[in-house]
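Participant: 3D model of this:
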Amino acid sequence: TSNGGTGYAWTGPLAYVSGLQNPTIANAQLNMSGNYTVTVTSAQGCTNTAVTTVSVYALPSPTIVTNSPVCDGGQLTLNGTGGATYQWNGPNSFSDSNQNASINPVTMAANGTYTLIASVGTCTASATTVVVINPLPVPNIISNSPVCIGADILLGASGGTAFAWAGPNSFASANQTETITASVMANAGTYTVTVTDVNGCINSTTGNVIVNPQPIVAATGTAVCENANAQLTSSGGTSYSWTGPGGYSSPVQNPVIFNAPLTATGQYTVFVTDINTCTNTAVANVTINPAITPTIITNSPLCINDVLNLSAAGAATYTWSGPAGFASSSAAPTIVANSFAVAGMYQLISFDINGCPGADTANVIVNPNPVPQITSGPNIGCAPLCTTFTIQSTPTASMAYWTFGNGESVN
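Facilitator: Model (predicted):
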């Protein structure tokens, strides 16, 4: 710029000339630095000169160094050189006046173009760089949990190219899929898989594995007498399946074997499933005791006033009943047949040591004694006299025994 006259003539470096009072040199270069002289002419034609010095400074040369690409959640670093002061601008309203800036933790919103303005004095220059923020992998655990104790645990992961497992009971693996055979309760718990993707980004997730115990099964049987009902009982689950001797089967929790024969004796196995579909078995014993068959032995028929002998064997207890209110618990009771009321049906109910009953009956006959009537004749005559003796009885006797006064006896 210049003043003081009506005409102006500028000269300077690089043979610069201009007739303007206030010329502008576009696109300044370093070799344009130096002294610029203006010759000013007044309206009267008088001239004078003035000199000004122009300095053209070199522009700053900013450079950007970044650790891009980085993973979501990591630390983005932005390092600048080439200036005296710096100003960073970028996505998500990012602004920082430090030479070296960082975003920690970085998010996906930080993706995009970053500009660095470097200044030296009044001179500025800018540089840009594109920052890439890679998303974290999304790991996923797939398992066959819940499982029953003793079953295999199947583990699988997705979402990356490399995998690292950690879990209960010191479990560790670098495989994408794993099988834990014959699981125990110690295998239950939280499993963590750490996944690395193609960009080197790492993420992890957890999954819970449940190992259900076997149901606690109880089973009982009974000891009953032949042809009685045998009871089976069980507990510990939600469904039941019994098997036993002779092809026996039942889906009932507490089945009854009706009119159990001797062949029902043996072991019965129940297969129990609980609410978690876990299974277990238990065994119950059933004993079928044979029924006893007591036999009454008696000395019937007998005569009035004789002793009635009753007897039985092979039992632990005896219960007799009979005519005229007869009752006894003896194995061999006796009764004096002093009346015909003793005659009739006698019943025996007996029990063996297992409590199994048996019964028998016997008909007792009591016969009356005969009433003899003797007739004879002729009763008077000359010796030798032959007399005939005749006996009749009620009831009719089958045998007679005669005794005479002279000591003679005849059947």
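
Participant: can I assume Ser204 is in contact with Pro139?
Facilitator: Yes: if you go by C-beta atoms under 8 Å, Ser204 and Pro139 touch, sitting 6.3 Å apart. To be clear about C-beta, it is placed using only N, CA and C from the backbone, and glycine gets the same treatment.

Participant: Tell me the buried residues in the lengthiest strand in the chain?
Facilitator: Identified as the longest strand of the chain according to DSSP state E is strand 279-289. Residues of strand 279-289 classed as buried by neighbour count (16 or more other C-beta atoms under 10 Å): Thr279, Asn280, Ala282, Ala284, Val286, Thr287, Ile288, Asn289.

Participant: quick one, which of Ser204 and Pro139 is more surrounded?
Facilitator: Neighbours were tallied for Ser204 and for Pro139 using other C-beta atoms under 10 Å; the higher tally belongs to Pro139 (22 against 16).

Participant: residues touching the more buried one, list them.
Facilitator: Shown in contact with Pro139 (C-beta atoms under 8 Å, 6 or more residues apart in numbering): Ala157, Ser158, Gly159, Gly160, Val193, Thr194, Val195, Asn203, Ser204, Thr205.

Participant: Run through who's touching the helix or strand that the first one is a member of.
Facilitator: It refers to Ala157. Using DSSP states H and E, Ala157 falls within strand 153-158. Residues from elsewhere that reach strand 153-158 (C-beta under 8 Å, 6+ apart): 139-145, 147, 163, 165, 176-180, 183, 187, 191, 193, 195, 207, 209, 211.

Participant: just to revisit the earlier point, tabulate the contacts of Pro139 (JSON lines), appending pLDDT and distance to Thr295.
Facilitator: Shown next, in JSON lines, are these (pLDDT from 0 to 100; distance: C-beta to C-beta, whole Å):
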{"residue": "Ala157", "pLDDT": "97", "distance to Thr295": "81"}
{"residue": "Ser158", "pLDDT": "97", "distance to Thr295": "83"}
{"residue": "Gly159", "pLDDT": "96", "distance to Thr295": "87"}
{"residue": "Gly160", "pLDDT": "96", "distance to Thr295": "89"}
{"residue": "Val193", "pLDDT": "98", "distance to Thr295": "81"}
{"residue": "Thr194", "pLDDT": "98", "distance to Thr295": "86"}
{"residue": "Val195", "pLDDT": "98", "distance to Thr295": "87"}
{"residue": "Asn203", "pLDDT": "97", "distance to Thr295": "90"}
{"residue": "Ser204", "pLDDT": "97", "distance to Thr295": "86"}
{"residue": "Thr205", "pLDDT": "98", "distance to Thr295": "83"}
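
Participant: Inside strands: which ones of the residues you listed?
Facilitator: In strands, judged by DSSP E, the following of the contacts of Pro139 are found: Ala157, Ser158, Val193, Thr194, Val195, Asn203, Ser204, Thr205.

Participant: Might one say that the fourth one is in contact with Ala174?
Facilitator: If I follow you right, that is Thr194. No: using C-beta under 8 Å, Thr194 makes no contact with Ala174, being 10.0 Å away.

Participant: thinking again about what came up before, pipe the ones in strands among the contacts of Pro139 into CSV and attach distance to Thr319 per row.
Facilitator: Formatted as CSV, the ones in strands among the contacts of Pro139 follow (distance: C-beta to C-beta, whole Å):
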residue, distance to Thr319
Ala157, 78
Ser158, 81
Val193, 78
Thr194, 83
Val195, 84
Asn203, 86
Ser204, 82
Thr205, 79
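
Participant: Please spell out the PyMOL selection for the buried subset of the contacts of Pro139.
Facilitator: With 16+ other C-beta under 10 Å as the criterion, this PyMOL line picks the buried residues out of the contacts of Pro139:
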select buried, resi 157+159+160+193+194+195+203+204+205
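
Participant: ok, the contacts of Pro139 vs Gly80, which is closest?
Facilitator: Using C-beta to C-beta, Asn203 is the member of these that lies nearest Gly80, at 31.0 Å.

Participant: Once you drop chain neighbours, what's closest to that closest one?
Facilitator: Sequence neighbours aside, Leu136 is the residue nearest to Asn203 in space, at 4.2 Å (criterion: C-beta to C-beta, 6 or more residues apart in numbering).

Participant: and what of Ile296?
Facilitator: Spatial nearest neighbour of Ile296, excluding adjacent residues (C-beta to C-beta, 6+ apart): Ala362 at 4.0 Å.

Participant: Same question for Thr279.
Facilitator: In space, and not counting its chain neighbours, Thr279 is closest to Thr273: 5.1 Å by C-beta to C-beta, 6+ apart.
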